[in-house]
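>>> got a predicted model here, sequence first, then my questions.
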Amino acid sequence: MTGLKAKLGEGRTVTGCFVKHPSPGIVEVIAFLGWDFVVVDAEHGPIDRLSCENVIRAAETGGSAAVVRVPSIGRAPILQALDSGAEGIQAPLVGSRADAEAAVALAKYAPAGTRGLASVRALSYGLVGSMAENVARANERSLVVCQIETAAGLDALDGICAVPGVDVVFVGPTDLGQSLGVVGQREHPDLVAAIDRIAETVLEAGKVFGILVGDEADAVEWQRRGARYLCFNIEGLLRASSQRIHAAVGAGGRQRAPRERVRS
C-alpha cells in the first residue's frame with residue numbers, strides 16, 4: 001500500500017476527514033469509504049493515548065493513513081502519536097520558524113531529529129526487520145504538517161516554508177479568522193487575502209498546500225488552485241448528506257437551538 005507521503009511525492013491530491021471522536025468503528029467506516037487519510041483530532045477531541053492507538057489501527061484496517069493533530073508542539077504528544085503508528089502529525093498553531101523546526105525534530109529519529117527510540121508499534125515492536133531499517137523507513141515515511149492559523153504564523157510564513165522536513169503547510173481558516181478579528185466570516189476580505197497569500201507562498205516554496213474545505217465545490221476549486229491536501233470535517237459531511245436526504249423525502253430537517261450550559 002502506498003503511504004500518504006509517497007502519494008503526495010508523486011504529485012497526487014489526497015483527501016482526508018477530521019474525526020474528533022475516539023471511536024474505532026467510525027474511523028474504520030470512513031477508511032472503508034475510500035478516504036486517503038483520517039485526521040485523528042487529539043487537539044479538540046476527547047482522544048487519549050489508548051484510543052488514539054486504536055483508531056489508528058482502525059484506519060489501517062480500512063486502508064487509510066492516520067495523521068494525528070496533536071494538542072501542542074511537544075515531545076510527549078508527538079512521540080506518542082507516532083509511536084502508536086500514525087503516518088504523520090499535524091502541528092497546531094505554528095507561529096514561527098522555530099515552531100516548525102521543533103515539530104520536524106520531534107517527529108524524526110536521529111540524525112534527522114530527536115525522536116525517542118524504543119521497540120514500539122510503529123517499529124513492529126522490534127520483532128520484524130532490523131531496527132536500523134525500520135528507523136530509516138519511519139523517517140522517510142513520516143509526514144509533518146504545519147498549521148498556519150494565527151497572525152503570528154502568517155507573519156512567519158516564509159521562514160516556516162523554508163524549514164526542511166515540513167511536508168505540508170495547512171491553513172486553518174477558523175482559528176486564522178479568529179486571530180484576524182473576523183470570527184466566523186470565511187468570506188471576509190481580510191481572511192480571504194490571508195488564505196490567498198498562504199497558498200501562493202506555500203506553492204512558491206515547493207511545499208504541499210493543505211486546507212480545510214466545506215464541500216465538493218470548495219475542494220475542486222482549491223484543487224484547481226494547487227491544494228493537494230484537502231480536509232473535510234465529519235460533522236460537515238454528515239450534515240450535508242442528511243440535508244440532501246431530508247430534502248429528497250420531504251421529512252426531517254428539524255433545527256435545534258444552540259446548546260446552552262445548564263446552570264444551577
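Looks like it arrived, so ask away.
>>> so where is the protein shaky, pLDDT-wise?
1, 252-264 (pLDDT under 70).
>>> at 80 what do you get?
1-2, 251-264 (pLDDT under 80).
>>> could you pull out the strands for it?
Taking DSSP state E as the criterion, the chain carries its strands at 14-19, 37-41, 65-69, 88-91, 143-148, 168-171, 208-212, 229-233.
>>> let me have the ones you listed in a markdown table, adding distance to Arg97 and mean neighbour count as columns.
C-beta here means a position set from N, CA and C on the backbone, and glycine is covered the same way. Shown next, in a markdown table, are the strands of the chain (distance: least, CB to CB, whole Å; neighbours: other CB atoms under 10 Å):
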| stretch | distance to Arg97 | mean neighbour count |
| --- | --- | --- |
| strand 14-19 | 26 | 21 |
| strand 37-41 | 24 | 27 |
| strand 65-69 | 21 | 28 |
| strand 88-91 | 13 | 27 |
| strand 143-148 | 10 | 27 |
| strand 168-171 | 12 | 26 |
| strand 208-212 | 18 | 24 |
| strand 229-233 | 21 | 22 |
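>>> what sits against Ile30?
Neighbour list for Ile30: Cys17, Val19, Val38, Ala59, Gly62, Ser64, Ile234 [criterion: CB atoms under 8 Å, 6 or more residues apart in numbering].
>>> got CSV for these, with distance to Ala110 too?
Output for the contacts of Ile30, formatted as CSV (distance: CB to CB, whole Å):
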residue, distance to Ala110
Cys17, 33
Val19, 32
Val38, 29
Ala59, 28
Gly62, 33
Ser64, 29
Ile234, 37
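>>> ok, those residues vs Leu157, which is closest?
Nearest to Leu157 among the contacts of Ile30 is Cys17, at 26.2 Å by CB to CB.
>>> is that closest one in contact with Phe232, as I believe?
Yes - counting by CB atoms under 8 Å, Cys17 touches Phe232, with 5.3 Å between them.
>>> who touches stretch 120-134?
Stretch 120-134 is contacted from outside by Glu53, Leu82, Asp83, Ser84, Gly85, Ala86, Leu117, Ser119, Val135, Ala138, using CB under 8 Å, 6+ apart.
>>> let's see it at 7 Å
Glu53, Leu82, Asp83, Ser84, Gly85, Ser119, Ala138 (CB atoms under 7 Å, 6 or more residues apart in numbering).
>>> and the gap between the nearest residue to the second one once chain neighbours are set aside and Ala58?
In other words, Leu82. Leaving aside its sequence neighbours, Leu82 sits nearest to Ala122 (CB to CB, 6 or more residues apart in numbering; 5.8 Å). Using CB to CB, to the nearest Å, Ala122 is found at 16 Å from Ala58.
>>> Ile56 and Pro22, how far apart?
From Ile56 to Pro22 the distance is 11 Å (CB to CB).
>>> which of these two has more neighbours?
Using other CB atoms under 10 Å, the more surrounded residue of Ile56 and Pro22 is Ile56, with 26 against 19.
>>> surely the more buried one is in contact with Val67?
No - using CB atoms under 7 Å, Ile56 is not in contact with Val67, being 9.6 Å away.
>>> okay, and the common contacts of those two?
Joint contacts of Ile56 and Val67 (CB under 7 Å, 6+ apart) are Ala86.
>>> ranges for the helices of the stretch 1-150 of the chain?
4-9, 24-32, 49-62, 75-83, 97-107, 131-141 (DSSP state H, counting those that start in this stretch).
>>> for the first one, name the packing helices and strands.
Taking 3 or more CB pairs under 7 Å, 6 or more residues apart in numbering; DSSP states H and E as the contact definition, the neighbouring helices and strands of helix 4-9 are strand 14-19.
>>> the strand it packs on: partners in the sheet, and parallel or antiparallel?
Counting by DSSP bridges, the strands paired with strand 14-19 are strand 37-41 (parallel), strand 229-233 (parallel).
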